[in-house]
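Enquirer: Just to be clear, the model below is a prediction. Sequence and coordinates:
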Amino acid sequence: MNGQYTIATLGSHSALQILKGARDEGFKTLAIANRETERLYRSFAFVDDVIALDNYSQFPQTLGELERRKAIVVPHGSFVAYLSLEEHKRMTIPYFGNKAVLDWEASRELQREWLTRANIKMPRQFKNPEEIDRPVIVKLYGAKGGKGYMFIRDAGAFAERTAHLNEEYTIQEYIIGVPLYIHYFYSPLEDKLEIMSMDRRYETNVDSLGRIPAAAQEGMDVRPSYVVVGNQPVSLRESMLAECYRMGEDVVRVSKEICGPKGLFGAFCIETIITPDIQFYVMEISARIVAGTNLFIDGSPYSYLNYSEPMSTGRRIAREIKNALLSNNLRLVLDDTSVI
Amino acid sequence: MNGQYTIATLGSHSALQILKGARDEGFKTLAIANRETERLYRSFAFVDDVIALDNYSQFPQTLGELERRKAIVVPHGSFVAYLSLEEHKRMTIPYFGNKAVLDWEASRELQREWLTRANIKMPRQFKNPEEIDRPVIVKLYGAKGGKGYMFIRDAGAFAERTAHLNEEYTIQEYIIGVPLYIHYFYSPLEDKLEIMSMDRRYETNVDSLGRIPAAAQEGMDVRPSYVVVGNQPVSLRESMLAECYRMGEDVVRVSKEICGPKGLFGAFCIETIITPDIQFYVMEISARIVAGTNLFIDGSPYSYLNYSEPMSTGRRIAREIKNALLSNNLRLVLDDTSVI
Amino acid sequence: MNGQYTIATLGSHSALQILKGARDEGFKTLAIANRETERLYRSFAFVDDVIALDNYSQFPQTLGELERRKAIVVPHGSFVAYLSLEEHKRMTIPYFGNKAVLDWEASRELQREWLTRANIKMPRQFKNPEEIDRPVIVKLYGAKGGKGYMFIRDAGAFAERTAHLNEEYTIQEYIIGVPLYIHYFYSPLEDKLEIMSMDRRYETNVDSLGRIPAAAQEGMDVRPSYVVVGNQPVSLRESMLAECYRMGEDVVRVSKEICGPKGLFGAFCIETIITPDIQFYVMEISARIVAGTNLFIDGSPYSYLNYSEPMSTGRRIAREIKNALLSNNLRLVLDDTSVI
């Protein structure tokens, strides 16, 4: 039955995982690529078809074609990067997820309110540069993939480094601890939260600085940058898992209060730093599939606890859509703008 | 046949892996949890039942119930943390492993004797603070999960940092090299040693220090801590594998001399540092399943060499118990205090 | 049909993966080990037979026996280390791969020409020590597995550190960025390039330096060393995958021009550093299976995109040989010196 539907996504970010998962669950698959990536997506047997655009901003032009193919769009990080919030909301193509969450995610202030109501600890935010009394991370507005993050050690350095800045930014306390990204899936059909996998990001150049001896670093005047180019797998101490579920469940619970009855559903990720007193500090929430799940296209130790087959987050999304179709509940897993 | 038996463990550490493995091998499964973790363990389909305690120290009160259920207890790190050695030995519930090993593991002196007799290189130990002539790690007695470890760079810093200490501690040479934890399984039924997997620990804050530029660190006066919050997968150069087997086999051989004819069996872990001259320095041995195996609930590259299905250490334990039952040899895989 | 043939390799490096893969594809398997490793290789059920030598230099003495067994040799890094280029070329035993590539790989100058023609960015090379104006890596000729690499921060340190050196070396710009090793397989039968997996190396002591606080390092006068003792898994940002394929395809294309019509085929690896502007700098190419693939004996997220079963690089090699046999094309996957 689900074989009549096509799962479609932009050719980037986690598209391979999403489309492989869709195929494994019996859907037809479609990648919307650009001229550079067209060949890549065509080369995989599980991709049924590719539409190539000169520019991702032309995506809205494909919507008629997507409708004809009975496409269901699964968004990922590149959707938000390439299409504005307004374009997102204008689309009536069936869309996995709740677009109302996008506003709460896009604004650092609203996101902070959401997480605070979910009883989640966050790094201190400095509204006023004069208050800076410890190392901070300065994040430019709209910084993507770690680009535009600056490590600044004190108020003096802050003045010097930000003098030339025209853009807006936020100032966040630098928490000393190890990063951990938790990949969740919340099923609206079963009202159940699963932990799918975990990772830490692989960032250039900051993850290579430790390989340079301290003495040599000084001569080199190295500035850390946080550009995400990959991911590494991590597992978490089991005694901390209950708190991961608690955080995820509270995030979902509050989302139902703040953005419509459906709230946040499907894949999401909480990005944490763990301090030596075993506390999670949350830097950010991503309200959709994150690239760290690409480590687990063939399954993860956590997803194996729930599934006897390799279950990636991408495949879990397709499974949810399939289950919705089989139980005649497709509306429950789509945004309300979707015209079926 | 093994379906009459229940594999039981405390709800912590590597319980999910142990119980998932038990279910995959056809056992019934039971988690003894506390009020905070009860819900977590109930949420997994492979956990048949959960007994929730207010406090793990009440564990002995569950022993009657465990007997009625024909439970076989599989211990992990949290058992040693929550139950004293005396309580361990008093229990007559069927217990996977040899309790006599616990004494040799609990004392740093006896452990050192054991490893020395197995021809294993260890970091130098300083009995007298005056002898400190290089960076050292000071470990408080009973330090768990890396908590209570201090990096100290010289004798002067030692005097300053330990002045206030009332607890006992050991002083170990700080070996500069990369950590590697080797997960073994020794089968008493087949008299065979297997390498199941390998990891390195993920420690806060020490594994995040390298991300802070050297110049900034100085201003921050960062003190490293070694609290273990997770694990990361590693594979080892194949030419070093033979030495891993040699170390593991010698550890098992000596254990048969020092703690009864059964010696050490089941899962264990040797915690090493590898130096640039390709030598293993062993920091410690854990005589049971370690949390690093949680990375491999769905199997590891090493276990795949021996098994055509995903074989975690937890599942390997259940497999051994099943094989013992099938060959009418259950006594061989249980401590001698076990009343069957 | 392929059951009449034996896949043979030296007992080291990635032999377990190669022989496990060979068995999974229906071949007989043979390890040529030494006295220290003989027992290790005998202990695995998928190794049909082991020939033990006192010294790997005796390998040519086994060639008659290998012929009788209808062996096909699959080379790995240790072959190049233990047998000279001349010995390689003299052998007429069926050999997976193209020996003409070895000359282009062994010389840093030829390798540089090859990569330049493939439009691949490389770190700057300094012919003259006087030109050194930034941190460099000095690599002794014939340095293996990272041994014999020196980090040198400026021209002054260079003079001091190399004064005693009698060996030849190259001087390479030190690129600040994160390492990524890309594991490829090029199928001559299908004229198709696959990405099998990715890793980063685990090097002692350089990957442990970041765990020592900057202040303490100075007192310790730590010198980084780059001895490879293991590997860690990594996944790459999906938007960078197309460039990975581009680099791999250009490397294969140029190889057909420079070393015979067959060019480079089978497994190979491009070793990169990724800088904050998201550029790949290539340090080196390895024209055969690399040890980093040992992380993925049970499959990788990337190989899972193409195969519904665990497909290691070792197994992929055996699959290619099997496909060649089935289509009566064995010559296409062997060096031209091979006498079938």
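Expert: Good, I have the coordinates.

Enquirer: Any residue of whichever strand or helix holds A:Ile270 touching chain C?
Expert: Per DSSP states H and E: A:Ile270 is located in strand A:266-274. No - judged by CB under 8 Å from any CB of the partner chain, strand A:266-274 and chain C are separated, with a smallest distance of 14.8 Å. Any C-beta I mention is one placed from the backbone N, CA and C, and that applies to glycine too.

Enquirer: Pairing partners for whatever helix or strand comes next after that strand, with directions?
Expert: Downstream of strand A:266-274, the next assigned helix or strand under DSSP H and E is strand A:280-286. Strand pairing for strand A:280-286, determined by DSSP bridges: strand A:266-274 (antiparallel).

Enquirer: now the partner strand, how far from the centre of its chain.
Expert: 8 Å (CA atoms, centre = their mean, to the nearest Å).

Enquirer: Tell me the buried residues in that strand?
Expert: A:266-274 (16 or more other CB atoms under 10 Å in any protein chain shown).

Enquirer: And those, which is closest to A:Ser208?
Expert: Minimum distance to A:Ser208 across the buried residues of strand A:266-274 is 19.4 Å, recorded for A:Ile273 (CB to CB).

Enquirer: which residues does A:Leu85 contact?
Expert: By CB atoms under 8 Å, 6 or more residues apart in numbering or on different chains, the residues touching A:Leu85 are A:102-103, A:106.

Enquirer: Which of the residues you listed has the largest number of neighbours?
Expert: Highest neighbour count within the contacts of A:Leu85, by other CB atoms under 10 Å in any protein chain shown: A:Leu102, with 20 neighbours.

Enquirer: Backbone dihedrals for the residue in the stretch 151-300 of chain A positioned nearest to chain B, please?
Expert: Here the stretch 151-300 of chain A gets closest to chain B at one residue, A:Gly210, 2.1 Å apart by CB to the nearest CB. Main-chain torsions, A:Gly210, degrees, to the nearest 10: phi -60, psi -20.

Enquirer: Next: A:Arg134.
Expert: With angles defined as degrees, to the nearest 10, A:Arg134 sits at phi -160, psi 170.

Enquirer: ok, it to chain B distance?
Expert: Relative to chain B, A:Arg134 is positioned 8 Å away (CB to the nearest CB, to the nearest Å).

Enquirer: Check A:Asn323 too.
Expert: 16 Å.

Enquirer: Could you count how many residues lie near that residue?
Expert: Neighbour count for A:Asn323, taken as other CB under 10 Å: 18.

Enquirer: Double-check it against A:Leu189; I have them as touching.
Expert: Yes - contact criterion CB atoms under 8 Å: A:Asn323 and A:Leu189 qualify, at 5.6 Å.

Enquirer: Give the intersection of the neighbour lists for these two.
Expert: With CB under 8 Å, 6+ apart as the test, A:Asn323 and A:Leu189 both reach A:Asn329.

Enquirer: quick one on the thing from earlier: out of the contacts of A:Leu85, which is nearest to chain B?
Expert: A:Ala106 (27.2 Å).

Enquirer: Grab the nearest non-local neighbour of that closest one.
Expert: Ranked by CB to CB, 6 or more residues apart in numbering or on different chains and with sequence neighbours excluded, the top spatial neighbour of A:Ala106 is A:Leu85, at 6.4 Å.

Enquirer: Equivalent analysis for A:Tyr202, please.
Expert: According to CB to CB, 6+ apart, the nearest residue to A:Tyr202 is A:Gly230 (3.8 Å).

Enquirer: did I read that right, that neighbour in a strand?
Expert: Yes - assessed by DSSP: H, G, I helix; E, B strand; the rest coil, A:Gly230 belongs to a strand.

Enquirer: Is it correct that it is in contact with A:Arg200?
Expert: No - applying CB under 8 Å as the test, A:Gly230 and A:Arg200 come out as separate, 10.2 Å apart.

Enquirer: Those two: who's more crowded?
Expert: A:Gly230 (26 against 21).

Enquirer: What segments of the stretch 101-250 of chain A are strands?
Expert: Assigned by DSSP state E, counting those that start in this stretch, the stretch 101-250 of chain A shows strands spanning A:125-126, A:136-140, A:149-152, A:169-173, A:178-187, A:192-205, A:226-233, A:235-236.

Enquirer: Any idea which of the ones you listed gets closest to B:Gly26?
Expert: Short answer: strand A:192-205, nearest of the strands of the stretch 101-250 of chain A by CB to CB, at 24.8 Å.

Enquirer: So for the closest one, mean pLDDT?
Expert: Rounded to a whole number, the mean pLDDT of strand A:192-205 is 98.

Enquirer: helices or strands up against that strand?
Expert: Using 3 or more CB pairs under 8 Å, 6 or more residues apart in numbering or on different chains; DSSP states H and E, the elements in contact with strand A:192-205 are strand A:178-187, strand A:226-233, helix A:241-258, helix A:313-326, strand C:178-187.

Enquirer: Quick check: closest non-adjacent residue to the spatially most central residue of chain A.
Expert: The centroid of chain A falls nearest to A:Val290 when counting by CA atoms, centre = their mean (3.4 Å). Once flanking residues are discounted, A:Val290 sits nearest to A:Cys269: 4.2 Å by CB to CB, 6+ apart.

Enquirer: my guess is the one you found contacts A:Ile182, does it?
Expert: Yes - between A:Cys269 and A:Ile182 there is a contact under CB under 8 Å: 6.5 Å.
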